[in-house]
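Enquirer: Got a predicted structure plus its sequence, pasted below:
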Protein chains: 2
Amino acid sequence: MSELNTVNPARYKRSRQRQRILSLLQEVNNHPTAEWIYSYLKPGLNSLSMGTVYRNLRILEEQELVRRMCNGSGVDRFDAKMEPHSHFICRHCGEIEDLDVGPLTGLIREMEVMTGHLIEAQRLDFLGICSKCRTQKWH
Amino acid sequence: MSELNTVNPARYKRSRQRQRILSLLQEVNNHPTAEWIYSYLKPGLNSLSMGTVYRNLRILEEQELVRRMCNGSGVDRFDAKMEPHSHFICRHCGEIEDLDVGPLTGLIREMEVMTGHLIEAQRLDFLGICSKCRTQKWH
DNA sequence: ATTCTTGCAAAAGTTTTGCAGGCAA
DNA sequence: TTGCCTGCAAAACTTTTGCAAGAAT
């Protein structure tokens, strides 16, 4: 299991900064931005810089330990939950919640046959108003 | 039908630039970037500027005549096909193809009951290797 | 006449990169 | 020792915005 949780050691060394970034992403479920990660880790890693955060997020993404999510806001978010799942995004408060929807196997097969493409992954987001926001008056 | 193809006239005037941007998006199916739209229209609209392109894309998006797609590249793409559909994105050549997958009604209901959220829209992308790229050696 | 729109240029905001020094193997 | 990694700062990019002039109603 620990082998799945580290970068390829033949290609990358172990650095404290990268370890902390990965551990943090694996512990939280709030799909943080690079800025949030930086602010969170900075107090315990005094010399940390944004360049390092961004560089490592790219490496972790390339090593398939982290996934990048781009919503419309222009700021990317990151997620270390790698099992296939979907997201619910509240268009009022912006909250992103994981939803356990497995791969849409039937649909994928159907699309593969119809198009001749090889489908390797899916990305499924639901947009709407979350239950908390629904109970308020503005909706 | 033409009423559905224009912005709210009580709120916005008709401008040549905006008309051209919308028409272009309704004619093509290549999910272009703002830069592509600008380059395409510039020859016939000599004074066009990028600021105008971006401003109008926002207005068209707000009027629900155009949808914004953010892939991981940091450059947004735009789509005037407003019927619910999915996308196939080739991770080799980058091509984006429309797939006619309607709303996942059953799944949406299930998720709504389970979470209490109100689901208003879905976004479904398939990622993989397109049939053209599959026939080449690099895969 | 009033209000929306444009082009231009500057600004804003996020992400990337070059470099010299530091750390890991 | 070799090569990856970091911090810093500058650069690169995409997108937004202020403003004065122009167009639409």
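Expert: Structure's in. What do you need?

Enquirer: What's the separation between residue A:124 and residue A:8?
Expert: 29 Å (Cβ to Cβ, to the nearest Å). Using the backbone N, CA and C atoms, a C-beta is placed for each residue, glycine as well.

Enquirer: What are the structural domain limits within chain A?
Expert: Domain segmentation of chain A under automatic domain parsing yields A:1-80, A:83-139.

Enquirer: Turn those into JSON lines, columns for mean neighbour count.
Expert: Below are those laid out as JSON lines (neighbours: other Cβ atoms under 10 Å in any protein chain shown):
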{"stretch": "domain A:1-80", "mean neighbour count": "15"}
{"stretch": "domain A:83-139", "mean neighbour count": "15"}
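
Enquirer: what's the closest of these to DNA strand D?
Expert: Minimum separation from DNA strand D across those (Cβ to the nearest atom of the strand) falls at domain A:1-80, 3.0 Å.

Enquirer: per-residue confidence averaged over the closest one?
Expert: Across domain A:1-80, the average pLDDT comes to 93.

Enquirer: So which residues on chain A come close to DNA strand C?
Expert: A:13-16, A:33-35, A:50-51, A:54-55, A:57-58, A:74-76 (Cβ under 7 Å from any atom of the strand).

Enquirer: Let's see which of the residues you listed end up in strands.
Expert: residue A:76 (DSSP state E).

Enquirer: Identify the residues contacting residue A:96.
Expert: Residues in contact with residue A:96 (Cβ atoms under 8 Å, 6 or more residues apart in numbering or on different chains) are A:30-31, A:69, A:71, A:77, A:87-90.

Enquirer: what's the closest of those to residue A:46?
Expert: Among the contacts of residue A:96, residue A:30 lies closest to residue A:46 (Cβ to Cβ), at 23.6 Å.

Enquirer: and that closest one, how far is that from DNA strand C?
Expert: 15 Å (Cβ to the nearest atom of the strand, to the nearest Å).

Enquirer: got it, and residue A:127?
Expert: Counting by Cβ to the nearest atom of the strand - residue A:127 and DNA strand C are separated by 20 Å.

Enquirer: How about residue A:98?
Expert: Distance of residue A:98 to DNA strand C, given as Cβ to the nearest atom of the strand: 20 Å.

Enquirer: Name the helix or strand for that residue, please.
Expert: strand A:96-99 (DSSP states H and E).

Enquirer: Now residue A:70: closest residue in space, sequence neighbours ignored.
Expert: Once flanking residues are discounted, residue A:70 sits nearest to residue B:70: 4.1 Å by Cβ to Cβ, 6 or more residues apart in numbering or on different chains.
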